[in-house]
Structures are given as structure tokens and as C-alpha cells.
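Asks: Next come a sequence and a model predicted from it.
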Amino acid sequence: MTTTKYYEDDADLSIIQGRTVAVIGYGSQGHAHSLSLRDSGVDVRIGLAEGSKSRAKAEAEGLRVVSVAEAAAEADLIMILTPDQVQGAVYNEHIAPNLQDGDALFFAHGFNIRFGYIQPPAGVDVALVAPKGPGHVVRREFEAGRGVPALVAVEQDATGNAKNLALAYAKGIGGTRAGVIETTFTEETESDLFGEQAVLCGGASQLVQYGFETLTEAGYQPEIAYFEVLHELKLIVDLMVEGGIAKQRWSVSDTAEYGDYVSGPRVIDPSVKENMKAVLADIQDGTFAKRFMDDQAAGGPEFKKLRAAGEAHPIEKTGRELRQMFSWLKDSDDDYTEGTA
Ligand code: NAD
Ligand code: MG
Ligand code: MG
Ligand code: MG
Ligand code: MG
């Protein structure tokens with residue numbers, strides 16, 4: 001499969017400037033998309049639930065906030081940026097009754113379309129614009145005159161113009177400044193879930209916890225273990241992002257590089273790859289999506305139990321104490337604590 005990339009000249013901003021856009025949700029992605037679209041000359045309103053905590057933040061930026069149903073009724077392009085697990089209910093209750101033929105339904109992650117929790121009518125364009133970065137970076141880069149690379153995909157092209165519309169939207173949030181890669185809802189959804197489960201979130205968290213447990217159970221001080229298996233991970237990952245695994249190996253000592261070659265494959269042995277394949281299979285056949293969504297529908301009992309167990313791991317207590325030693329990390333626990341309160 002050859003990769004198709006699009007840049008500024010491939011996208012026509014006037015297409016999105018000619019539409020009436022509703023951004024549903026004003027969180028990480030929602031604030032970035034709506035503010036940057038507005039700055040790109042697009043007519044944007046925000047749709048939020050009654051009593052939403054995000055309302056004051058959006059209004060403070062001069063954005064107009066209405067109910068989700070009103071936003072969907074006014075708009076002819078609706079970008080759904082609520083958490084994935086509530087999108088189906090929000091869509092069925094407030095958006096579907098306000099969709100007309102020729103409207104466009106947009107997503108930043110394909111989960112609900114891929115696994116059938118949202119089934120749009122045939123007359124509507126369905127597309128994806130997914131920046132490859134968290135919302136605050138998407139907004140920061142836009143304001144700096146740059147952009148974060150994005151993925152675009154078209155699931156349903158009712159008007160014949162869905163791809164140009166998606167590219168115009170991507171341009172409006174700065175994506176085409178960096179470059180946009182074409183994908184499908186299936187590829188975006190499955191690869192995104194796999195990456196976060198096997199490597200980025202699941203794999204990395206478990207690797208760090210096992211490393212911490214191994215050292216502390218052998219009698220090493222938890223503070224020392226924390227530095228070696230968690231704190232320094234950022235330095236390594238930064239090097240990988242800058243220049244791949246090769247640059248990371250070039251930068252560390254020869255001792256560390258040799259240890260990487262001989263011990264890495266002992267820790268992450270071929271059975272881990274077999275486990276990864278099993279995780280991917282559960283993503284592909286919908287087993288993971290069903291487990292997540294069924295638990296969410298029941299109020300998230302499994303999710304809450306797992307979150308509490310994770311927070312109770314001894315590495316978290318050690319980390320909270322040690323971060324006080326770093327002037328630039330002293331206050332970095334605050335937003336997280338607020339966010340989960
Ligand atoms: P978020 O949790 O940061 O924000 C969600 C927003 O939706 C909040 O403003 C919240 O008030 C609102 N909301 C919650 N329930 C609602 C309801 N019932 N009705 C109306 N509004 C409601 O979400 P996010 O992380 O920005 O994720 C949004 C979408 O973007 C998801 O599909 C996600 O997969 C995708 N995405 C996120 C990132 C990221 O970095 N966070 C990156 C790429 C794609
Ligand atoms: Mg994801
Ligand atoms: Mg070291
Ligand atoms: Mg070296
Ligand atoms: Mg979260």
C-alpha cells in the first residue's frame with residue numbers, strides 16, 4: 001500500500017469556510033479544533049450537555065455554546081469530540097434527529113463507526129480528521145504558525161466531496177501545514193487501539209511497574225528504582241522521537257547499548273509478540289470494544305476497579321514524593337489530581 005500525503009496546496013480552506021460547523025465537546029481535541037477553525041475564518045458553535053463544566057471555558061474564549069441538539073440542527077458539519085464511550089448515546093439522542101442529507105458527520109477517532117455503535121444514514125458524508133497529538137499541542141502548534149500531522153479518512157462519501165471537505169477541515173486546524181496522511185476508519189481505529197494497548201499505555205506501564213517491583217523486591221531503595229525505570233524513560237523516548245531507536249542507542253553509553261542488545265530480547269521475548277497478536281485479534285474482532293462499552297454501560301465497575309488498583313501501586317507514592325525534588329515537576333501532579341476529582 002502506498003501512502004498518500006496531502007499538504008497546504010492540496011486543501012481548499014474556502015470549502016470549510018462555506019460550511020456551518022458544530023464541534024460537540026470542548027475537551028482536549030474540542031477546544032483545539034474549535035478555536036483554530038474559528039481563527040481560520042470558519043463559523044463554529046460548540047454543542048455541550050446541560051451543566052457541562054466545559055461551558056465556561058468555551059464562553060471565556062468568545063465561542064458560542066448551545067445544546068448538542070441545537071448545534072447539530074444549526075450545523076451542516078458536525079464534529080463529534082466527546083469521549084468515545086458516550087458518542088453513541090449523544091448521537092442517537094441529539095444528533096441523528098437533526099441530520100439532513102448532505103450534512104457531514106466528522107470524527108477524530110473511528111471507534112464508534114468501526115464497531116457499529118453509530119450508524120449514520122446514507123445521505124450523510126462520514127469522515128475522520130485525527131491529529132496525531134494531544135489537543136493542547138494541536139492548538140499550540142496552530143498558534144505558532146505550524147501544525148501537527150493528521151490522518152484523514154472517508155467512510156461514506158454521500159456528496160462526492162467528502163475528501164475535499166475533510167482536507168479543508170484539516171487545513172483549518174493546521175494539519176496540512178505539517179502534512180496529512182490518508183487512511184481508513186478501520187486502519188485508524190485498529191492501529192490506534194493496538195498502539196495504546198500494546199506499547200504506549202499498556203505495554204509501557206506494565207514494563208515500568210515490573211522493573212520497579214524487581215528492583216524494590218531485591219532490596220533496592222524505591223527512590224532509586226523510580227529514577228532508573230520511570231523518570232529516565234522520558235529521556236530515552238525523546239531520543240527515539242528525535243532520531244529513532246538508532247539515535248537512542250548512539251546517545252547512551254556503549255555499556256547501555258550492549259545491554260540493550262543482549263537483555264532487551266530476554267525481557268521482551270518472542271512470547272510477548274504472540275501476546276501482542278492476541279491483543280490485536282481482540283481489537284479486530286470487536287472483543288475489546290464490547291468489553292469496554294459493556295463495562296461503561298454498567299457505570300464502569302471494571303474500569304474503576306482497575307484504575308484504583310493502578311493508583312495504589314507503590315510506584316505512585318514514591319513518584320509523588322520524588323517529584324517534589326524537581327522544581328519543574330513540583331506542581332505537575334495538580335492538574336491530574338483536579339482532572340480525576
Ligand atoms: P475529552 O475527554 O478531553 O473531552 C470530552 C468533551 O466532551 C468535554 O468537553 C466534555 O464536557 C464533553 N462531553 C462529555 N460527555 C458529554 C455528553 N454526554 N454530551 C456532550 N458533551 C459531552 O475528550 P478528547 O480526549 O478530546 O477525545 C475526543 C475525541 O477525540 C475522542 O474520539 C478521542 O478518541 C479523539 N482523540 C483524542 C486525542 C487526544 O489527544 N485526547 C487525540 C486524537 C483523537
Ligand atoms: Mg486512542
Ligand atoms: Mg542509568
Ligand atoms: Mg552509544
Ligand atoms: Mg483519561
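Replies: Nice, I can see it. Ligands and ions are numbered 1, 2, ... in the order given.
Asks: now stretch 27-40: mean pLDDT?
Replies: Looking at stretch 27-40 alone, the average pLDDT works out to 98.
Asks: Using PDB, list the CA coordinates for it.
Replies: Output of stretch 27-40 as PDB, limited to C-alpha atoms (Å, rounded to 0.1, in the frame of the first residue of the first chain):
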ATOM      1  CA  GLY A  27     -12.100  18.900  25.900                       C
ATOM      2  CA  SER A  28      -8.600  18.100  24.700                       C
ATOM      3  CA  GLN A  29      -9.500  17.900  21.000                       C
ATOM      4  CA  GLY A  30     -12.700  20.000  21.100                       C
ATOM      5  CA  HIS A  31     -11.000  23.200  22.300                       C
ATOM      6  CA  ALA A  32      -8.200  22.900  19.800                       C
ATOM      7  CA  HIS A  33     -10.400  22.200  16.800                       C
ATOM      8  CA  SER A  34     -13.000  24.900  17.600                       C
ATOM      9  CA  LEU A  35     -10.500  27.700  18.300                       C
ATOM     10  CA  SER A  36      -8.300  27.000  15.300                       C
ATOM     11  CA  LEU A  37     -11.300  26.700  13.000                       C
ATOM     12  CA  ARG A  38     -12.600  30.000  14.300                       C
ATOM     13  CA  ASP A  39      -9.200  31.600  13.700                       C
ATOM     14  CA  SER A  40      -9.300  30.100  10.200                       C
END
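Asks: how's this protein carved up into domains?
Replies: As recorded under automatic domain parsing, the domains making up the chain are 5-182, 193-340.
Asks: how about those in JSON lines, adding mean neighbour count?
Replies: For every residue, glycine as well, the C-beta is placed using N, CA and C. Formatted as JSON lines, the entries for the domains of the chain read as follows, by neighbours: other C-beta atoms under 10 Å:
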{"stretch": "domain 5-182", "mean neighbour count": "20"}
{"stretch": "domain 193-340", "mean neighbour count": "13"}
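Asks: Which of those has the lowest mean pLDDT?
Replies: Ranked on mean pLDDT, the bottom entry among those is domain 193-340, at a mean of 95.
Asks: what about that domain and ligand 1, touching?
Replies: No: using C-beta under 6 Å from any ligand atom as the criterion, no contacts between domain 193-340 and ligand 1 are found, and the smallest distance is 9.3 Å.
Asks: Report all helices and strands that whichever strand or helix holds Gly310 contacts.
Replies: Per DSSP states H and E: Gly310 is located in helix 301-311. For helix 301-311, the elements it packs on are helix 287-297, judged by 3 or more C-beta pairs under 8 Å, 6 or more residues apart in numbering; DSSP states H and E.
Asks: how far is stretch 159-176 from where the chain is centred?
Replies: Counting by C-alpha atoms, centre = their mean, to the nearest Å, stretch 159-176 is centred 19 Å from the centre of its parent chain.
Asks: OK, contacts around whatever residue of the stretch 151-300 of the chain ends up closest to ligand 1?
Replies: With C-beta to the nearest ligand atom as the measure, the residue in the stretch 151-300 of the chain that lies nearest ligand 1 is Asp192; the distance is 7.6 Å. When contacts are counted by C-beta atoms under 8 Å, 6 or more residues apart in numbering, Asp192 is found next to 109-110, 130.
Asks: Helix, strand, or coil at the residue of the stretch 101-250 of the chain found nearest ligand 1?
Replies: Residue of the stretch 101-250 of the chain nearest ligand 1, by C-beta to the nearest ligand atom: His109 (3.2 Å). Taken by DSSP: H, G, I helix; E, B strand; the rest coil, the conformation at His109 corresponds to coil.
Asks: That one contacts Phe185, correct?
Replies: No: counting by C-beta atoms under 8 Å, His109 does not reach Phe185; the two are 9.3 Å apart.
Asks: Need the residues touching each of those two.
Replies: When contacts are counted by C-beta under 8 Å, 6+ apart, His109 and Phe185 are jointly contacted by Leu128.
Asks: Relative to ligand 1, how far out is Gln87?
Replies: Using C-beta to the nearest ligand atom, to the nearest Å, one obtains 7 Å as the distance from Gln87 to ligand 1.
Asks: Let me know the secondary structure of that residue.
Replies: The three-state label given to Gln87 by three-state DSSP is helix.
Asks: and if you look at the one 3 residues further on?
Replies: Using three-state DSSP, the structure places Val90 in helix.
Asks: Spatially nearest residue to it, not counting backbone neighbours?
Replies: Residue nearest to Val90 in three dimensions, not counting chain neighbours: Thr82, with 5.5 Å by C-beta to C-beta, 6 or more residues apart in numbering.
Asks: so Phe107 bridges to which residues?
Replies: On DSSP bridges, the residues paired with Phe107 through beta bridges are Ile80, Leu128.
Asks: residue contacts, it?
Replies: Residues near Phe107 by C-beta under 8 Å, 6+ apart: 79-80, 113, 126-130, 185.
Asks: for the residues you listed, which one is nearest Leu99?
Replies: Nearest to Leu99 out of those is Val126 (C-beta to C-beta; 10.7 Å).
Asks: Just to be sure, that closest one is in a helix?
Replies: No: under the criterion used here (three-state DSSP), Val126 is strand, not part of a helix.
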